[in-house]
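Enquirer: Pasting the sequence and the predicted model now:
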Amino acid sequence: MNHLQRILIFISITSFCLQCEVPALNNPADPLSDEYGKNVALSQLIAFWLSEKIAPDGLVVAVTKSTLPYEAGFRIYRVDSDLGLTSEFDSDVRTATTAAFPGCSPVRVAIPPSSRDIITLTGAGSHRFVVHRYGIDRTLSLLQDQNGMGSPSFVKFTSDGKTAFSTDTGTDPNTIFQLARDKNSGILSLNNGGSYPFSVGCTPVSLNISNQDNLVFTATSSTLPLGIFSFKKTGEYSGAFASGSPYDPADNPSQNNNLCVVENDRLLYMTSNNATTPIYGFRYDENGNMSLLPNSPFSPDPAITAVATGDNSSTSLALNPDGRYLAYLYQASGTFYLRLISIDPTTGNLTPTDQKFSVGNGPKYLEWDGSGRFLYLASDTGGSTNNFQLEYFSFTKDGVLTRGVNSPITVGAMTGGFAPRHMKAIQRYY
């Protein structure tokens, strides 16, 4: 029985019970009155619709097949708001081509806030921005298929969905450029000028922003200068790097898209290749000036022996929507694990919880659903069945992770099948 059915049953029972009471009672404060019952039922219904506004609906998975016939695109795996991920999916998978969507090997998908638009970065050989719209009725419409906007590897949208920042790996040094988005049409366009684009060294591996303070954070991990670039946006076309940027911690950033920003507490976390204490924590101010937390770096597990894979700048550190927990993928003595870590908002200290789960081989693309209910990752079964798979966990507001009832979901065979390249959750209503 889903949440809506439970509410409708509650409303029916409430109405029936109230009909049995003295009809003269009409006091909204009296639990026996008609008005009280109506108000309770209405508040329950409103709460339901508000929760459904950010209910999980799908998981967009960019896929590619590297054997004949070559194909690429994405699948949208459907998500049940109670049970989680299912094997049912909608898709736009086509013959691979560099002249249009889907390219040959998509590198990234993104979902602008409060929308059901799907942005695909088609990767090397084509470097296209492609925009689809996924309707509430689960229809897919292609809105834009555009090249000539750099060689993007990452894109990050502001909270209003009207502005985006993207990396351009086709320049030397690499740069961050600005995009404008029309929320009605979904169309993206270059919006540079003044301080944009700005340079960020070579090979950015992560990109994130603080909407609260108008900051753009980028991590680079190859060729000097290394570290975290912190750029303060002061106007539509103006901005400047924070003092001391790029901030270079003791260890170089890992090859992962792992910059996690807790905006309300001005905390930032990243990962390094240090196999003992891989998670670094920083406090930043409203201008983007950064300082290392006193107890940083942190370890997720005394038994850790290696960090998770970093191919395609995959994500192995993810922040839950409330900013209270981090999830981290790592390796210990040949086995891969997912660990839940709690954040102290005052000190920024990280404390590993007792929730530790073994996962498949080569785990990557860690993604927390915007509702906070589900946590997803991609992995493979290795020599057992040689399949790529999607794993997921249910999460409660009091911080309890549970392996999903349908987990894992098979994507395809590791030889000759579709391989996941990246993934992002999409919400039900907007």
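Expert: It's in.

Enquirer: in the chain, which helix or strand is least confident?
Expert: helix 3-19 (a mean of 46; mean pLDDT, DSSP states H and E).

Enquirer: Quickly list what the residue nearest the centre of the chain is bridged to.
Expert: For the chain, the residue sitting closest to the mean C-alpha position, by C-alpha atoms, centre = their mean, is residue 367 at 4.7 Å. Judged by DSSP bridges, the bridge partners of residue 367 are residue 376.

Enquirer: Against residue 168, how distant is it?
Expert: With the distance defined as C-beta to C-beta, to the nearest Å, residue 367 ends up 24 Å from residue 168. Backbone N, C-alpha and C define where each C-beta goes, glycine included.

Enquirer: who's in contact with the closest residue to residue 255 other than its chain neighbours?
Expert: Using C-beta to C-beta, 6 or more residues apart in numbering and skipping residues adjacent in sequence, the residue nearest residue 255 is residue 310, 3.2 Å away. Listed by C-beta atoms under 8 Å, 6 or more residues apart in numbering, the contact set of residue 310 reads 205, 254-256, 316.

Enquirer: Apply 6 Å and report the result again.
Expert: 254-256 (C-beta atoms under 6 Å, 6 or more residues apart in numbering).

Enquirer: pLDDT value on it, please?
Expert: We have a pLDDT of 81 for residue 310.

Enquirer: got the phi/psi numbers for it?
Expert: When read as degrees, to the nearest 10, the backbone of residue 310 gives phi -120, psi 10.

Enquirer: Against residue 273, how distant is it?
Expert: Taking C-beta to C-beta, one finds residue 310 at 8 Å from residue 273.

Enquirer: Give me the common contacts of those two.
Expert: With C-beta under 6 Å, 6+ apart as the test, residue 310 and residue 273 both reach residue 254.

Enquirer: quick revisit: distance to residue 337 and pLDDT added to the contacts of residue 310, as CSV?
Expert: Compiled in CSV, the contacts of residue 310 are given as follows (distance: C-beta to C-beta, whole Å; pLDDT from 0 to 100):
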residue, distance to residue 337, pLDDT
254, 16, 88
255, 19, 88
256, 16, 91
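
Enquirer: Going by distance to residue 264, which of those wins?
Expert: residue 256 (24.0 Å; C-beta to C-beta).

Enquirer: That closest one touches residue 311, doesn't it?
Expert: No. Using C-beta atoms under 6 Å, residue 256 makes no contact with residue 311, being 9.6 Å away.

Enquirer: who has more neighbours, these two?
Expert: Comparing residue 256 with residue 311 by other C-beta atoms under 10 Å, the one with more neighbours is residue 256, at 29 against 11.

Enquirer: For that one, identify the helix or strand it belongs to.
Expert: Following DSSP states H and E, there is no helix or strand that holds residue 256.

Enquirer: which residues touch residue 242?
Expert: 230, 232, 287-289.

Enquirer: Okay, now the unreliable bits of the stretch 101-250 of the chain?
Expert: Scanning the stretch 101-250 of the chain for pLDDT under 70 picks out 223-224.

Enquirer: What ranges does it have for its strands?
Expert: Assigned strands in the stretch 101-250 of the chain, in chain order: 108-110, 117-121, 129-134, 140-146, 152-157, 163-168, 175-181, 188-190, 198-199, 204-210, 215-220, 227-233, 239-241 (criterion: DSSP state E, counting those that start in this stretch).

Enquirer: Select, out of those strands, the one closest to residue 334.
Expert: Per C-beta to C-beta, nearest to residue 334 of those: strand 204-210, 25.5 Å.

Enquirer: which helices and strands sit right next to that closest one?
Expert: The contact analysis (3 or more C-beta pairs under 6 Å, 6 or more residues apart in numbering; DSSP states H and E) places strand 204-210 against strand 152-157, strand 215-220.

Enquirer: Figure out which of those strands is closest to residue 379.
Expert: The nearest among the helices and strands packed on strand 204-210, by C-beta to C-beta, is strand 152-157 at 22.3 Å.

Enquirer: Against which helices or strands is that closest one packed?
Expert: Secondary elements touching strand 152-157 (3+ C-beta pairs under 6 Å, 6+ apart): strand 163-168, strand 204-210.

Enquirer: how does it look with 8 Å?
Expert: Under the contact definition 3 or more C-beta pairs under 8 Å, 6 or more residues apart in numbering; DSSP states H and E, strand 152-157 sits against strand 108-110, strand 117-121, strand 163-168, strand 204-210.

Enquirer: how much does the lengthiest strand in the chain deviate in direction from strand 117-121?
Expert: Of all the elements of type strand in the chain, the one with the most residues (DSSP state E) is strand 84-95. Computed by axes from the mean of the first three to the mean of the last three C-alpha atoms, to 10 degrees, the angle separating strand 84-95 from strand 117-121 equals 50 degrees.

Enquirer: for strand 84-95, packing partners?
Expert: strand 56-65, strand 71-80, strand 140-146, strand 374-380, strand 387-395, strand 409-413.

Enquirer: follow-up on the earlier one: same list, the strands of the stretch 101-250 of the chain, but as JSON lines with mean neighbour count please.
Expert: Output for the strands of the stretch 101-250 of the chain, formatted as JSON lines (neighbours: other C-beta atoms under 10 Å):
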{"stretch": "strand 108-110", "mean neighbour count": "22"}
{"stretch": "strand 117-121", "mean neighbour count": "26"}
{"stretch": "strand 129-134", "mean neighbour count": "22"}
{"stretch": "strand 140-146", "mean neighbour count": "15"}
{"stretch": "strand 152-157", "mean neighbour count": "22"}
{"stretch": "strand 163-168", "mean neighbour count": "24"}
{"stretch": "strand 175-181", "mean neighbour count": "20"}
{"stretch": "strand 188-190", "mean neighbour count": "18"}
{"stretch": "strand 198-199", "mean neighbour count": "17"}
{"stretch": "strand 204-210", "mean neighbour count": "23"}
{"stretch": "strand 215-220", "mean neighbour count": "26"}
{"stretch": "strand 227-233", "mean neighbour count": "23"}
{"stretch": "strand 239-241", "mean neighbour count": "17"}
